[in-house]
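Participant: sequence? don't have it. structure:
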């Protein structure tokens, strides 16, 4: 007779590999609560009108600081031309240098502050006013429009007393009208936010 052996019972292999641990129900509930709290805090923290007004004034100050040197150069170039035309100054070479420097100073490549306009972004609290349009308009005011005006002043000074002077002055007048129109676009883009949040504030000073 063959001796009998007690074999262990047959246990089928698991088809799905190692079992995965399920997160405790309390952990899932806690995660949902944390997410909900975060959303609620984000929605409840809406800036006040006073806070938005402060953000707007800071933003306007930044824009004015970035464009100030370019705008001032436009003013100075027109001033020296008027001085030459009126006879209060006869130093054409100095006036010409002022105009040429002013034109170059409105080029983003030559002026770090003007170049910074390309990276300026309105505060998130002012998003409903779409102020990025004003930034784009201001960049266009500087270059090419503000670049052209002092350059045309320089041409007028160079052509004084020559047959080409009349045409140079007409070109300057056209450039000034274009600069004025672009300035109006900048101010129009800023006007709603200024009126609603800080009526005592002013847009950047743009000469021309």
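Facilitator: Structure received. Keep in mind that what you see is a predicted model, and the values were worked out from it rather than measured.

Participant: Residue 199 versus the residue nearest to the spatial centre of the chain, what's the distance?
Facilitator: By Cα atoms, centre = their mean, the chain has its centre lying nearest to residue 120, at 3.4 Å. To residue 199, residue 120 is 23 Å away according to Cβ to Cβ, to the nearest Å. Using the backbone N, CA and C atoms, a C-beta is placed for each residue, glycine as well.

Participant: Check residue 165 too.
Facilitator: 45 Å.

Participant: So these two - more neighbours on which side?
Facilitator: Counted by other Cβ atoms under 10 Å, residue 165 and residue 199 do not tie: residue 165 has more neighbours, with 15 against 8.

Participant: Contact partners for that one?
Facilitator: Going by Cβ atoms under 8 Å, 6 or more residues apart in numbering, residue 165 touches 156, 159.

Participant: so where's this structure shaky on pLDDT?
Facilitator: Along the chain, the parts satisfying pLDDT under 70 run over 1-45.

Participant: In it, which helix is the longest?
Facilitator: Longest helix in the chain, counting residues (DSSP state H): helix 49-86.

Participant: Check which helices and strands that one sits against.
Facilitator: Judged by 3 or more Cβ pairs under 8 Å, 6 or more residues apart in numbering; DSSP states H and E, the packing partners of helix 49-86 are helix 92-105, helix 112-116, helix 132-140, helix 147-158, helix 165-197.

Participant: And those: which comes nearest residue 58?
Facilitator: helix 165-197 (11.7 Å; Cβ to Cβ).

Participant: Now find how far off-centre the closest one is within its chain.
Facilitator: In terms of Cα atoms, centre = their mean, to the nearest Å, the centre of helix 165-197 is set 18 Å apart from its chain centre.

Participant: Okay, angle between that helix and helix 147-158 too, please.
Facilitator: Here the directions of helix 165-197 and helix 147-158 differ by 150 degrees (axes from the mean of the first three to the mean of the last three Cα atoms, to 10 degrees).

Participant: Helix 165-197 to helix 132-140, inter-axis angle?
Facilitator: Calculated by the same axes, to 10 degrees, helix 165-197 forms an angle of 160 degrees with helix 132-140.

Participant: can you pull the buried residues of helix 165-197?
Facilitator: Within helix 165-197, the residues that count as buried by 16 or more other Cβ atoms under 10 Å are 168-169, 171-172, 175-176, 178-179, 182-183, 185-187, 189-190, 193-194, 197.
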